[in-house]
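**Student:** Here is my input, please return the structure:
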Amino acid sequence: MAEFDIELLLETQVTKVWDTWCTGAGEHTSQAEWHGTTHLLFPYRGLFVRHRGDDICVAEAGQVLLCNAGEDYRVAHPVPGGDSSLVVLIKESMLRELAPKTLLGDGERLAFRQERLRIDPRAQALVAMLRHSLRENIAEALEAESLALTLVQRALGPRTSHAAGASSGRQRLADRTKLVLAGDLTRRWTLAEIAAAVGVSPVYLTQVFQQVEGLPLYRYQLRLRLARALDLLGEYDDLSQLGLDLGFSSHSHFSAAFQQAYGRSPSEFRQAVINRHANR
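**Tutor:** Model prediction:
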């Protein structure tokens with residue numbers, strides 16, 4: 001695999017969808033096929049840091065990066081393992097219909113005001129459904145287009161997304177915390193251990209992280225593990241082992257958390273989405 005690989009999964013008059021992989025071996029720039037068009041980028045594996053001028057954005061599963069046409073940025077990988085993302089480009093006129101007006105700039109050119117939004121678990125599940133369906137060649141164009149539009153609408157919706165907002169100092173603390181957790185996704189951290197790793201008190205850490213990311217620290221870590229499970233479901237025959245490998249205490253714990261987040265058990269999700277091609 002090259003340091004940065006791209007695969008076009010879908011191209012219609014309405015949307016384009018790419019799957020991307022980066023090994024994390026070095027930096028790469030924004031000069032990809034979609035660079036000249038405003039688009040959405042959904043990380044689903046790993047973590048990377050995007051540098052855009054003086055702005056820094058830590059990107060991981062559970063959020064969408066809102067990328068404006070012609071923006072130049074560099075991507076770096078402070079945590080080993082690289083990253084993968086799904087890139088979704090929607091026809092401009094349709095994106096204007098889907099995006100809340102508060103997210104868009106005032107000029108004639110389509111541009112987002114925000115750099116990123118945190119998305120809810122159902123949007124994460126839609127990312128996995130769209131990617132798996134296209135990679136397994138089991139979604140016809142109409143179905144894939146509908147999935148892509150539903151994903152974008154949910155990811156940008158004010159009731160299903162959260163815009164990070166805090167001082168630069170608090171944002172940096174939240175970002176340092178993300179790097180610590182991403183460095184060992186399966187570890188059963190205690191709050192005191194995380195706070196010690198980032199150099200603040202446990203109380204202050206919980207308050208700041210909740211303010212910046214819009215969810216408690218424990219739930220953030222749980223969502224990271226579940227997002228990784230979505231990515232790996234097709235690679236495991238034994239789902240109990242998958243849960244254990246991701247740091248869950250038991251299969252029942254893993255299955256219950258997955259069901260609560262995505263509305264289906266791991267086996268049901270795999271059967272409905274990943275193994276669907278076997279039943280066609």
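**Student:** Tell me where the stretch 51-200 of the chain is predicted with low confidence.
**Tutor:** For the stretch 51-200 of the chain, the stretches flagged by pLDDT under 70 are 159-166.
**Student:** what ranges do the helices span in it?
**Tutor:** 92-98, 121-135, 141-156, 168-182, 191-198 (DSSP state H, counting those that start in this stretch).
**Student:** And residue 16, its phi and psi?
**Tutor:** phi -130, psi 140 (degrees, to the nearest 10).
**Student:** on that earlier part again, out of the helices of the stretch 51-200 of the chain, flag the one nearest residue 21.
**Tutor:** Proximity to residue 21 (C-beta to C-beta) singles out helix 121-135 among these, at 11.7 Å. Where C-beta positions appear, they are placed from N, C-alpha and C, glycine not excepted.
**Student:** who's in contact with that closest one?
**Tutor:** The contact list for helix 121-135 (C-beta atoms under 8 Å, 6 or more residues apart in numbering) reads 9-10, 17, 19, 42, 44, 61-62, 64, 86, 88, 139, 143-144, 147-148, 150-151, 154-155, 160-161, 223, 226-227, 230-231, 233-234, 261-263, 269, 273-274, 276.
**Student:** neighbouring strands for the longest strand anywhere in the chain, and are they parallel or not?
**Tutor:** Secondary structure of the chain per DSSP state E: the longest strand is strand 39-52. Counting by DSSP bridges, the strands paired with strand 39-52 are strand 55-60 (antiparallel), strand 63-67 (antiparallel), strand 74-76 (antiparallel), strand 83-90 (antiparallel).
**Student:** so which of those strands comes closest to residue 249?
**Tutor:** Of all those, strand 55-60 sits nearest to residue 249, with 23.1 Å by C-beta to C-beta.
**Student:** Could you list the buried residues of the closest one?
**Tutor:** Buried residues in strand 55-60, defined by neighbour count with 16 or more other C-beta atoms under 10 Å: 56, 57, 58, 59, 60.
**Student:** Please identify which pair of the residues you listed lies farthest apart.
**Tutor:** Largest pairwise distance in those, by C-beta to C-beta, is 13.7 Å, between 56 and 60.
**Student:** could you dump the longest strand of the chain to PDB, C-alpha only?
**Tutor:** What follows is strand 39-52, C-alpha atoms only, in PDB (Å, rounded to 0.1, in the frame of the first residue of the first chain):
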ATOM      1  CA  HIS A  39     -17.000  18.100   0.700                       C
ATOM      2  CA  LEU A  40     -17.400  16.100   3.900                       C
ATOM      3  CA  LEU A  41     -14.800  13.800   5.300                       C
ATOM      4  CA  PHE A  42     -15.700  11.100   7.800                       C
ATOM      5  CA  PRO A  43     -12.800   9.500   9.600                       C
ATOM      6  CA  TYR A  44     -13.600   5.900  10.600                       C
ATOM      7  CA  ARG A  45     -10.300   4.400  11.700                       C
ATOM      8  CA  GLY A  46      -7.200   5.800  13.400                       C
ATOM      9  CA  LEU A  47      -6.500   9.500  14.200                       C
ATOM     10  CA  PHE A  48      -4.700  12.300  12.300                       C
ATOM     11  CA  VAL A  49      -4.000  16.000  12.900                       C
ATOM     12  CA  ARG A  50      -5.000  18.500  10.200                       C
ATOM     13  CA  HIS A  51      -3.000  21.700   9.900                       C
ATOM     14  CA  ARG A  52      -4.700  24.500   8.000                       C
END
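**Student:** Now do the buried residues in it.
**Tutor:** 39-50, 52.
**Student:** related to what we said a few turns ago, of the contacts of helix 121-135, select the buried ones using a PyMOL command.
**Tutor:** This is the PyMOL syntax for the buried subset of these, where burial follows 16+ other C-beta under 10 Å:
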select buried, resi 9+10+17+19+42+44+61+62+64+86+88+139+144+147+148+150+151+154+155+160+161+223+226+227+230+231+233+261+262+269+273+274+276
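**Student:** a markdown table for the strands paired with strand 39-52, including distance to residue 127?
**Tutor:** Shown next, in a markdown table, are those (distance: least, C-beta to C-beta, whole Å):
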| stretch | distance to residue 127 |
| --- | --- |
| strand 55-60 | 13 |
| strand 63-67 | 9 |
| strand 74-76 | 19 |
| strand 83-90 | 6 |
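**Student:** Residue 252 is nearest to which of those?
**Tutor:** Closest approach to residue 252 among the strands paired with strand 39-52 (C-beta to C-beta): strand 55-60, 26.6 Å.
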